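Enquirer: whatever this is, show me its structure:
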Amino acid sequence: MRLLLHTCCGPCSIYPLDVLREEGHEVSACYCNPNIHPYREWEKRLDTLREYLATVGVDLRVDDRYDLKQYLEAVLPYAYDPARRCPTCYRIRLDEVARRAACEGYDAFSTTLLVSPYQNHEGVARVGREVADTLGIPFYYRDFRSGWKEAVRRSRELGMYRQGYCGCVFSERERYYRGGQKGG
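Expert: Got it, this is the predicted structure:
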């Protein structure tokens, strides 16, 4: 099966790519992440992903529009409600990847978001299926979370850049802000 894999970063791509390729799928990656803030972080994650994919021979498509306006307009009503904000963000990214997959003749699309224990796994899967139903291209679901620790270990061995938060300004705040206490 020809599959277009939404990729959020290099480290999260390791395990899903291994599994999908071992299953015999022809996989290309697609970096579509207007949620990542700031822009320099977006570039840093892309550079890391690009370097890794070059070493394993996987093609990369990049949505370089960095449409921060669209992203913010969609998620701001839910800025401090991750239960609604995150699925909205998933939809923006998976919708774009599914559209590309359909236009470029892929058989299905999927996402590396399914590897992280820090994502709303059921929310990612639900949004993927909804986007698939809307656009008429299958969403390839697989629970990749069992490979998370292995991917972390390998990404460290490879010296890959590893970020400390999901990507958006809200997740950065949730990760680091400690109620105004310095060093907390």
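
Enquirer: now do the strands in the protein.
Expert: 2-6, 26-31, 60-62, 108-111 (DSSP state E).

Enquirer: which residues touch the third one?
Expert: Surrounding strand 60-62, the residues in contact under the criterion CB atoms under 8 Å, 6 or more residues apart in numbering are 4, 7, 28, 29, 30, 31, 32, 46, 49, 50, 53, 100. C-beta: built from backbone N, CA, C; applies to glycine.

Enquirer: ok, it: who's next to it in the sheet?
Expert: strand 26-31 (parallel) (DSSP bridges).

Enquirer: give me the buried positions along the partner strand.
Expert: 27, 28, 29, 30, 31 (16 or more other CB atoms under 10 Å).

Enquirer: could you export the strands of the chain as a markdown table, including mean pLDDT and distance to residue 37?
Expert: Compiled in a markdown table, these are given as follows (pLDDT from 0 to 100; distance: least, CB to CB, whole Å):
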| stretch | mean pLDDT | distance to residue 37 |
| --- | --- | --- |
| strand 2-6 | 98 | 18 |
| strand 26-31 | 98 | 15 |
| strand 60-62 | 98 | 17 |
| strand 108-111 | 98 | 19 |
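
Enquirer: ok, which of those comes nearest residue 42?
Expert: Minimum separation from residue 42 across the strands of the chain (CB to CB) falls at strand 26-31, 9.0 Å.

Enquirer: just put the strands of the chain in JSON lines and tack on distance to residue 83.
Expert: JSON lines is the format used below for the strands of the chain (distance: least, CB to CB, whole Å):
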{"stretch": "strand 2-6", "distance to residue 83": "21"}
{"stretch": "strand 26-31", "distance to residue 83": "26"}
{"stretch": "strand 60-62", "distance to residue 83": "30"}
{"stretch": "strand 108-111", "distance to residue 83": "19"}
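
Enquirer: go ahead and confirm residue 151 touches residue 115.
Expert: Yes. Shown here, residue 151 and residue 115 form a contact pair, counting by CB atoms under 8 Å, at 6.5 Å.

Enquirer: common neighbours of those two, please.
Expert: With CB under 8 Å, 6+ apart as the test, residue 151 and residue 115 both reach 12, 15.

Enquirer: the two: which is more packed in?
Expert: residue 115 (26 against 23; other CB atoms under 10 Å).

Enquirer: distance of the more buried one from residue 13?
Expert: 8 Å (CB to CB, to the nearest Å).

Enquirer: can you count the residues close to residue 63?
Expert: Residue 63 has 16 nearby residues by other CB under 10 Å.

Enquirer: pLDDT wise, what is the closest residue to it other than its chain neighbours at?
Expert: In this structure, residue 63 finds its nearest non-sequential neighbour in residue 32, 3.9 Å apart by CB to CB, 6 or more residues apart in numbering. In this model, residue 32 is scored at 97, pLDDT.
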